[in-house]
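Engineer: show me how the following folds:
(2 chains)
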Number of protein chains: 2
Amino acid sequence: MRKPKIVILGAGYGGLMTATRLQKAVGMNEVEIQLVNKNDYHYETTWLHEASAGTLHHDRVRYDISSVIDRNKVEFIQGTVVEVNREEKKVILEEGELPYDYLVVAVGGESETFGIKGLKEYAFSIVNVNSARQIRDHIEYQFATYQAEEDKKEERLTIVVGGAGFTGIEFLGELGNRVPELCKEYDIDPHKVKIICVEAAPTVLPGFDPELVNYAVAQLEKKGVTFMIGTAVKEATETGIIVGKGEDEVEEIKTGTVVWAAGVRGNAIVEKSGFEAMRGRVKVQPDLRAPGHDDVFIIGDSSLVINEEINRPYPPTAQIAMQQGVTVAHNILALIRGKELETFVPDIKGTVCSLGHDDAIGVAFGKKMTGSTASFMKKVIDNRSLFMVGGPSLVLKKGKFNIF
Amino acid sequence: MRKPKIVILGAGYGGLMTATRLQKAVGMNEVEIQLVNKNDYHYETTWLHEASAGTLHHDRVRYDISSVIDRNKVEFIQGTVVEVNREEKKVILEEGELPYDYLVVAVGGESETFGIKGLKEYAFSIVNVNSARQIRDHIEYQFATYQAEEDKKEERLTIVVGGAGFTGIEFLGELGNRVPELCKEYDIDPHKVKIICVEAAPTVLPGFDPELVNYAVAQLEKKGVTFMIGTAVKEATETGIIVGKGEDEVEEIKTGTVVWAAGVRGNAIVEKSGFEAMRGRVKVQPDLRAPGHDDVFIIGDSSLVINEEINRPYPPTAQIAMQQGVTVAHNILALIRGKELETFVPDIKGTVCSLGHDDAIGVAFGKKMTGSTASFMKKVIDNRSLFMVGGPSLVLKKGKFNIF
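Structural biologist: Below is the predicted model of the structure:
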């Protein structure tokens, strides 16, 4: 009898969780599991703002996939997904084709530029190790060039962050720590550096408790961040960005660095493969299968799960992606073994937004917290995600222990 | 009675040596000494190729001027020299004016591009801490961008060095060590990186012993360097350089990085101030004064001293600049005290060209040497120049002790 074949696309939080849970739960010859990923490493997406600012080396943010999978049970395939052929039940890779009986689409999200002119050409996004490394080096190169050039362009020392959501705020927090180091490295007067955050919404961190938001804004302003709230990015150009409050008050900010952190959408692969999606996100069934599909699960940034309490989608987070991985591993085995599928219910344990390595805001166990308490909690959360995938040895290898 | 006022322009090898020798030799109230320098630090010009490649941090290449001067005897002025007004015996700075009785012009050299089109716009030069830091960051940013961009531009991984003289060869040696590290840092296959040296002369390191030259070429080729000898750089463009053997064989090399290391000339300040000069270098009298001037000494890269044995100028080196500093300190005091001036006689103790941190070629004490022996000798020379200016404490602070 042929063994059922499970193909998992993506080794991010959701995919890797699915793979490691499956390998624990299946017998030696029960199923065939293939895990496909572009790189041979997993990276912690929620830590990329640190690598981007240069406060944490990108090697600290990633680990080899081979270090957490059991090769007797999971075959790792390094490859780039082009699309899914749902009719023929196979995945088209740049490198070849993979047939499947059960498919887990965990391909992650993409930066959403909302069609704003020039962003794709002139702005950076914090999306993977490659882009994070490039942002870090770009900022350093701007500082070095400023110091080396005869006619100094002051805008090289201006960094604009588009978006005051989670990623934007966490990146600003790291920049606040990093800029003084950069000024020392490049012999630059810190007063010449400008960090500007442009946010179209009327508030920083929409959805967060206002008291915590006020704390965050005050702390970041102390670190030199200027907020332009209720201000939309209209266009990015070669020399800066054009922003405006409404149609009339339009202003150009000259800058050498624009980091766009204002939007995440699902993966284009999902749309290309013909799944019904909104901005690349598929509203999945309670058991996490794509509507109309018995054999395809979609999780992580490309899935949409509604929070019934407020009738709005849950934000795409690492926490939810990992919990989805646990449910998918259970449900695939239930299908194979003829058992009942379970419904995915997110269990939001807390949300902490860091403001640099020594400060944060958040809610955990129903309690608001700020400062070093919140920062400590953030590191606990970061280490927990390592623990869930790779156990204590991965935490020891990659965990955050700079706890004061 | 007014104290004689000595103004020293530049705190490079020559100027700093003059200042430290003078401060040892003069009585507490005998003279007034002012040392002018653009930065508040001295840098080791002969180590800049390491900072440029990224094999040695630029902070290891410089030290505070205040750490080696005696403030009771020497006043340090951070300023940028515009020109010397010889008639009125004063120095024009961007920040003001300084009258002098005795002047030491030790303002260093500049990169010489021989009017080759595009070099000023598109090529880097290894001339100071700022440019070295920028070259290092530029190369890193090219590697990062290559890895992050979708349509990969292979030329980002090509580094062209113009010139196979001393600086060019030493920089290539460091690149040979650095590129494997860069490939690791940016996940790049080392086989994709190209290092090309273009030299118009018919040989590498003209003037060096041919046996040593052959050794150097073989060692650098092993490290991945391709030599294009007898090949002139015709033009630098935004996307690369155009080179040619003679008029007919013209070729474009696509590259993201051109480092021009093929020429040093004297400082434009010298010409601007009306001293008779050839490419910014003044053929000084045997006592190192500028012809026709009783009170102006010119040393270092802006001075020209003829080697009578071969009737050609000595190459401008740190070794000679420092020896000139000793002579100038002596001669200024001789003028003040009514003693006889001495003639400058270079004492070439040896010449060692490094090929990376663990390899070199050279001649010292009349002996040819290669490999680790020569590399050891190079570090001895580097430490000696620290010793001569700042004594054992400066050697301990900034010296090179990575001796195997």
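Engineer: strands along the stretch 151-300 of chain A, start to end?
Structural biologist: Using DSSP state E, counting those that start in this stretch, the strands of the stretch 151-300 of chain A run over A:158-162, A:194-199, A:225-229, A:232-236, A:240-245, A:249-254, A:257-260, A:264-265, A:282-283, A:296-298.
Engineer: just those: most buried one?
Structural biologist: Neighbour counts (mean count of other CB atoms under 10 Å in any protein chain shown) averaged over each of the strands of the stretch 151-300 of chain A peak at strand A:296-298, with a mean of 28. Backbone N, C-alpha and C define where each C-beta goes, glycine included.
Engineer: now tabulate the strands of the stretch 151-300 of chain A in JSON lines and tack on mean pLDDT and distance to chain B.
Structural biologist: Formatted as JSON lines, the strands of the stretch 151-300 of chain A follow (pLDDT from 0 to 100; distance: least, CB to the nearest CB, whole Å):
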{"stretch": "strand A:158-162", "mean pLDDT": "98", "distance to chain B": "15"}
{"stretch": "strand A:194-199", "mean pLDDT": "98", "distance to chain B": "20"}
{"stretch": "strand A:225-229", "mean pLDDT": "97", "distance to chain B": "24"}
{"stretch": "strand A:232-236", "mean pLDDT": "96", "distance to chain B": "17"}
{"stretch": "strand A:240-245", "mean pLDDT": "93", "distance to chain B": "20"}
{"stretch": "strand A:249-254", "mean pLDDT": "93", "distance to chain B": "20"}
{"stretch": "strand A:257-260", "mean pLDDT": "98", "distance to chain B": "12"}
{"stretch": "strand A:264-265", "mean pLDDT": "92", "distance to chain B": "17"}
{"stretch": "strand A:282-283", "mean pLDDT": "97", "distance to chain B": "25"}
{"stretch": "strand A:296-298", "mean pLDDT": "98", "distance to chain B": "25"}
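Engineer: dump the residue contacts of the residue nearest the centre of chain A.
Structural biologist: With distances taken as CA atoms, centre = their mean, the residue of chain A nearest its centroid is A:T45 (4.0 Å). Contacts for A:T45 (CB atoms under 8 Å, 6 or more residues apart in numbering or on different chains) come out as A:G12, A:Y13, A:G108, A:N128, A:A318.
Engineer: close to chain B: what parts of the stretch 51-200 of chain A are there?
Structural biologist: With CB under 8 Å from any CB of the partner chain as the criterion, the stretch 51-200 of chain A meets chain B at residues A:130-131, A:133-134, A:136-138, A:140-141, A:144-145, A:147-148, A:186.
Engineer: 7 Å instead?
Structural biologist: Residues of the stretch 51-200 of chain A lying near chain B by CB under 7 Å from any CB of the partner chain: A:130-131, A:133-134, A:137-138, A:140-141, A:144-145, A:147-148, A:186.
Engineer: in helices, which of these fall?
Structural biologist: A:N130, A:S131, A:R133, A:Q134, A:D137, A:H138, A:E140, A:Y141, A:A144, A:T145, A:Q147, A:A148 (DSSP state H).
Engineer: count the residues that sit near the fourth one.
Structural biologist: Here the number of neighbours of A:Q134 (other CB atoms under 10 Å in any protein chain shown) works out to 24.
Engineer: what pLDDT does it get?
Structural biologist: At A:Q134, the model reports a pLDDT of 98.
Engineer: with the second one instead?
Structural biologist: The pLDDT attached to A:S131 in the predicted structure is 97.
Engineer: quick one: contacts for A:W47?
Structural biologist: If you count contacts by CB atoms under 7 Å, 6 or more residues apart in numbering or on different chains, A:W47 has them with A:L56, A:V61, A:D382.
Engineer: where does pLDDT dip in the stretch 1-150 of chain A?
Structural biologist: Along the stretch 1-150 of chain A, segments meeting pLDDT under 70 span A:1.
Engineer: picking that back up, pick out the most distant pair among the contacts of A:T45.
Structural biologist: The span of the contacts of A:T45, defined through CB to CB, is set by A:N128 and A:A318 at 14.3 Å.
Engineer: quick check: A:Q219 touching A:L355?
Structural biologist: Yes - the criterion here is CB atoms under 7 Å, and A:Q219 meets it with A:L355 at 5.3 Å.
Engineer: compare these two (neighbour count), which wins?
Structural biologist: Neighbour count, other CB under 10 Å: between A:Q219 and A:L355, A:L355 has more, with 28 against 20.
Engineer: just the helices in the stretch 251-400 of chain A please.
Structural biologist: Using DSSP state H, counting those that start in this stretch, the helices found in the stretch 251-400 of chain A span residues A:268-272, A:318-337, A:371-398.
Engineer: domains of chain A: list them as residue ranges, please.
Structural biologist: A:5-109+A:266-348, A:119-262, A:351-404 (automatic domain parsing).
Engineer: would you reformat those as CSV and include distance to B:N72?
Structural biologist: Compiled in CSV, these are given as follows (distance: least, CB to CB, whole Å):
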stretch, distance to B:N72
domain A:5-109+A:266-348, 42
domain A:119-262, 28
domain A:351-404, 44
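Engineer: looking at those domains, which is closest to B:G176?
Structural biologist: domain A:119-262 (21.6 Å).
Engineer: first vs last residue of the closest one, how far apart are they?
Structural biologist: End-to-end distance of domain A:119-262 (CA to CA, to the nearest Å): 11 Å.
Engineer: what pLDDT does whatever residue of the stretch 151-300 of chain A ends up closest to chain B get?
Structural biologist: Here the stretch 151-300 of chain A gets closest to chain B at one residue, A:Y186, 6.9 Å apart by CB to the nearest CB. Listed pLDDT for A:Y186 reads 98.
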